[in-house]
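Undergrad: here is the input, now give the coordinates:
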Amino acid sequence: MKILVISDSHKNLINLKQVLDKAEYDYVLFLGDYVMDIMNFKRQLNDKLFVVKGNCDGDINFDDDLFIEIAGKKIFMTHGHKYGVKLGMKKLFQKATELDADIAVFGHTHIAFQTQLDSGLIVLNPGSVGKGMLKNNTFGIIEIDEEGLVTSKIFRIP
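TA: A predicted model of the protein is given here:
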């Protein structure tokens, strides 16, 4: 099972379309900031798409956080601004732990990041598909194999 993780498109529909067209995935997680960008592709994604809103999305009818399950893994999705991730990830880690999540994904910082905590929690920030720091536009892929092993990788958009 492959999960495409995208955040912070900031109206860069060219990069967003490129990633959606070229990456291999079964599901797409969009982590906010310009939710309307990903909604341009809703028809092609159908029920493969999960979306949370970010701090630049205003008062639209999307959740700040989602807690979903894919391939037996519990995934906590958030943009990250409500957890102060630009100042540290402690609040995000606490929330994911409270939810007993296997995976936590967030955006907001525009800086790609991945780690695995001692508790086993896998944490991924895919960076920004449209407005990456130092012009490094990135996205992430989470893969869950048949045995339930989870791996994550960050890719740079050429």
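Undergrad: right, and residue 140 touches residue 124 too?
TA: Yes - using CB atoms under 8 Å, residue 140 is in contact with residue 124, at 5.1 Å. All C-beta atoms are positioned from the backbone trio N, CA, C, and that covers glycine.
Undergrad: any idea how far the worst-scoring helix or strand of the chain on mean pLDDT is from the middle of the chain?
TA: Within the chain, no helix or strand scores below helix 42-45, which has a mean of 93 by mean pLDDT, DSSP states H and E. Offset of helix 42-45 from its chain centre (CA atoms, centre = their mean, to the nearest Å): 17 Å.
Undergrad: can you check stretch 80-98 too?
TA: Relative to the chain's own centre, stretch 80-98 is displaced by 14 Å; criterion: CA atoms, centre = their mean.
Undergrad: all helices for the protein, in order.
TA: Here the chain has its helices, by DSSP state H, at 13-22, 35-39, 42-45, 90-98.
Undergrad: and the first one, how far out from the chain's middle?
TA: Using CA atoms, centre = their mean, we find the averaged C-alpha position of helix 13-22 to lie 15 Å away from the chain's own average C-alpha position.
Undergrad: could you do stretch 27-43 as well?
TA: Distance of stretch 27-43 from the chain centroid (CA atoms, centre = their mean) equals 10 Å.
Undergrad: for stretch 13-28, same thing?
TA: Distance of stretch 13-28 from the chain centroid (CA atoms, centre = their mean) equals 13 Å.
Undergrad: rounded mean pLDDT for it, please.
TA: In this model, stretch 13-28 carries a mean pLDDT of 96.
Undergrad: may I see the buried residues of that stretch?
TA: For stretch 13-28, a neighbour-count test (16 or more other CB atoms under 10 Å) marks 15-16, 18-20, 25, 27-28 as buried.
Undergrad: can you lay out those as JSON lines showing distance to residue 64?
TA: Formatted as JSON lines, these follow (distance: CB to CB, whole Å):
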{"residue": "15", "distance to residue 64": "24"}
{"residue": "16", "distance to residue 64": "21"}
{"residue": "18", "distance to residue 64": "28"}
{"residue": "19", "distance to residue 64": "24"}
{"residue": "20", "distance to residue 64": "24"}
{"residue": "25", "distance to residue 64": "24"}
{"residue": "27", "distance to residue 64": "20"}
{"residue": "28", "distance to residue 64": "18"}
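Undergrad: which positions within stretch 48-66 qualify as buried?
TA: Going by neighbour count (16+ other CB under 10 Å), the buried part of stretch 48-66 is 49-54, 57, 62, 64-66.
Undergrad: sounds good, over and out.
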